[in-house]
Structure formats: structure tokens, C-alpha cells
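*Asks:* I need the structure of the sequence given here:
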Amino acid sequence: MRSRRKDDCYRFSVIHPIPTFDNLTALEDVIERMREQGLYLMYDMRWTYMNATAVEEEVNRIKNKPNLLLWYTGDEPDGSSDPLNATVLAYNQIYDLDGYHPVSLVLNCQDYYWTEYTAGTDIVMQDTYMIGINVTFSNQWGTPCTADYGDCGCDNCKGQFEDISNRMDEFAGRLFVKGWDRTKAVWTAPQAFGDNTYWTRYPTGQEYVVQTVLGINHGGLGSLAWDDPTTDDIQSSASALAISFAAMKEFVLNPVASFRHVVQDRVDVGLWTVGAQTLVLATNLNYEETTLSLAKAGVHAVGMARQVFDSGATLNVHTGTIALSSVGTGGFILD
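*Replies:* The predicted structure follows:
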């Protein structure tokens, strides 16, 4: 996530440099500068993770960097049909060499050898990019898209925000069935790009927030957008969300929090309760204004309330309702 400085510049918590890294001196300088600024590194081996010699060289070069957060191996290995054992081989080698930092990858497809590729990771990310696509005809390849044939940029998608929440739930469900739910996690990758190939436009800032909050409400423990540079609108919205997470993480990442999830007229609501307080994180998937009833969401009494995030949301304590703008989102801590 991103945060904003007082001088109105943008600051990232995690940076994911995209290879190739041909100039190793420049790479060292970048990583050191990141460390000085308090930025974590997601180290990408997408072009080299199937080369054991390269993996050994890169892991040994990077593993002792104090700001290394995690490794990244396969970039949509299912989409490029990488060998089915490729991610496991890289995973085992990385752990032999490092054994400390988690390994991540992103999967593009709904379910194409999902188990085989996910076996080689600690963090499986989904990148359901559904903004600005044509789900029935590929403007990239000039072919129809059906359940059996075609590539429209988002596998088996309907071009709705629910594509994201469904994919998050499917990934989490598979982790549970495989017995991996306590050893592996799902992260989300919101779309922050557009105007190319399958995607005819960029998301708005509010649409970016909806994507991210859907990932959080559906169990995502991390969010890394693709990619930067992006629009000022997305930068501003991402920064506002990151700033608000300072308050929300005490609920979302609290192991003792009790969690409930509610969907009400395409308003997706996550509710985390810690002690006498509840965080309500509500996002409107509709392109029109709507109102959320807290009573219908299971919150029957509201005393004090504090808004910790505003992307087009207003709480009325007296009526127990949250008014949400078109694709609006709000975060509130209720006592």
C-alpha cells in the first residue's frame, strides 16, 4: 500500500521492481535507497526462477538485505504454461538458500493446474483485472470468448467487481480443501493500469479502492497493485486508503478479532470486532448511490462512531445507515 507525505508526495510501503536487472550496481543503489526510506522489497525472479544457477546467484545476493520482505517467482505461470513443477523446484531451492523470507507468485487463471503451481508458494496472489474489458469478444485477438475458448484478459470473468471477490473466495476455498489454509495466504493485486491491450481504460480512484477493499473483505492479507506509474486519481485514493489502514489494521490483522462478512444489495461489508469495538468496512459495487442498513448487517446499536476512511461514504448514527456514493467505500469504527 501507499502512503502520502506531508509535502504531498507519494510514498510506498513495498516496492516491487520489475526485472530485468542488467545493472547490478544500480540495483544495489535502489535497494539501499529503499532501505534508507523505510521501504520493503519484493524481489522478482519472473524471468530467472526456472534457472537454478540464476536463482542461487540472486538469492545469495539479496537474502541478507534488511528490507527484503518476500520473493516473487512465477508471474502468471499458469497463463504461460510453465512446467507444472517449476514453482515447487524454485520454492525448494529458495528455502534451501534462505529459509526465512516467504515466497510469492501470482496466478492468472481461474483454475488451470492451480494446485500444482500453488504448491510452490507461501503467498498466492490473484490478479483479476476486470475494469474496461469486453468479456465476450477479445479486442486483442479478434476472437469470441466463451467458457471453453478465447482470451479476453480476465479468465472466466463477467466484467463485474464480483469477479474479484469470487476469485478470492475460490482461492481461499482451495487452500482449505488442500489443508494449506494455515500455511499459505491469499493476497490481491488491484488493477491500476489501462488503455492497453484488453483494457480500454484506467480504473478511477474509487474503483481502485473497491477492488482493494474487496480483497481485504474476502480474506486478503496483502495488496500490491499492478502497476506504477498510474493516474493521480489512483495514487491519491491508494494513499488515502493506506493512511487509514493505520487504524484498521488493529482489527483486520488482529488474531483475536471475530469476523463477519455480509453482502447487502451489492454492498460488500467486512465487520471485525475486537472487544467492544467493531470496524465496518463497506464498499459499494453499484454504479449508483445506495444505502446500507447496519441492522441488516447485524449491527443493532451504534453509540460512538469514528470514520477512518472516506471514499464516498457517510454514516448516520441516528438511523443506523451508511450512505454510499456510486462505487463508494467507507470505514468506520463503532463503539
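*Asks:* what number of residues lie near the residue lying closest to residue 276 once chain neighbours are set aside?
*Replies:* Once flanking residues are discounted, residue 276 sits nearest to residue 335: 6.1 Å by CB to CB, 6 or more residues apart in numbering. The way it works is simple: take the backbone N, C-alpha and C, and place the C-beta from them, glycine included. Residues near residue 335, counting by other CB atoms under 10 Å, number 12.
*Asks:* Please tell me how far residue 335 sits from residue 278.
*Replies:* Residue 335 sits 8 Å away from residue 278, going by CB to CB, to the nearest Å.
*Asks:* what sits up against the longest helix out of those in the chain?
*Replies:* Determined from DSSP state H, the single longest helix within the chain is helix 232-252. The contact list for helix 232-252, computed with CB atoms under 8 Å, 6 or more residues apart in numbering, reads 1-4, 10-11, 13, 192, 202-206, 208-209, 212-213, 216, 225, 257, 270, 272-274, 277-279, 281, 308-311, 331, 333.
*Asks:* From those, list the buried ones, please.
*Replies:* When those are checked for burial by 16 or more other CB atoms under 10 Å, the buried set is 1-4, 192, 202-206, 208-209, 212-213, 216, 225, 257, 270, 272-273, 278-279, 281, 308-309, 311, 331, 333.
*Asks:* circling back: alpha carbons only: can I get the longest helix of the chain in CSV?
*Replies:* Output of helix 232-252 as CSV, limited to C-alpha atoms (Å, rounded to 0.1, in the frame of the first residue of the first chain):
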residue,chain,number,x,y,z
ASP,A,232,-3.1,10.8,-10.0
ASP,A,233,-6.6,9.7,-9.1
ILE,A,234,-5.5,6.2,-8.2
GLN,A,235,-2.4,7.5,-6.4
SER,A,236,-4.5,9.8,-4.3
SER,A,237,-7.0,7.1,-3.4
ALA,A,238,-4.4,4.5,-2.7
SER,A,239,-2.6,6.9,-0.4
ALA,A,240,-5.8,7.7,1.5
LEU,A,241,-6.6,4.0,1.9
ALA,A,242,-3.0,3.3,3.1
ILE,A,243,-3.2,6.1,5.7
SER,A,244,-6.5,4.8,7.0
PHE,A,245,-5.0,1.3,7.4
ALA,A,246,-3.0,2.5,10.4
ALA,A,247,-6.3,2.4,12.3
MET,A,248,-7.9,-0.5,10.5
LYS,A,249,-5.0,-2.9,10.9
GLU,A,250,-5.7,-3.2,14.6
PHE,A,251,-8.9,-5.0,13.6
VAL,A,252,-8.1,-6.6,10.2
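*Asks:* Give me the packing partners of the helix or strand following it, helices and strands only.
*Replies:* As assigned by DSSP states H and E, the chain's next helix or strand after helix 232-252 is strand 258-264. If you count contacts as 3 or more CB pairs under 8 Å, 6 or more residues apart in numbering; DSSP states H and E, strand 258-264 packs onto strand 267-274.
*Asks:* Recalculate using a threshold of 10 Å.
*Replies:* Here strand 258-264 touches helix 162-178, helix 205-217, helix 232-252, strand 267-274, strand 277-284, strand 290-293, going by 3 or more CB pairs under 10 Å, 6 or more residues apart in numbering; DSSP states H and E.
*Asks:* What residues of it count as buried?
*Replies:* The neighbour-count check on strand 258-264 (16+ other CB under 10 Å) flags residue 262 as buried.
*Asks:* was I right about residue 108 contacting residue 77?
*Replies:* Yes: under the criterion of CB atoms under 10 Å, residue 108 makes contact with residue 77 at 8.5 Å.
*Asks:* Between those two, which has more neighbouring residues?
*Replies:* Taking other CB under 10 Å, residue 108 and residue 77 do not tie; residue 77 has more neighbours (28 against 20).
*Asks:* could you measure the nearest residue to that one once chain neighbours are set aside against residue 84, distance?
*Replies:* Excluding the flanking residues, the one nearest residue 77 by CB to CB, 6+ apart is residue 117, at 5.3 Å. Relative to residue 84, residue 117 is positioned 7 Å away (CB to CB).
*Asks:* what is in contact with those two at once?
*Replies:* 77, 78 (CB atoms under 10 Å, 6 or more residues apart in numbering).
*Asks:* Of these two, which one has the most company?
*Replies:* Neighbour comparison, residue 117 and residue 84: the larger count goes to residue 117, with 26 against 15 (by other CB under 10 Å).
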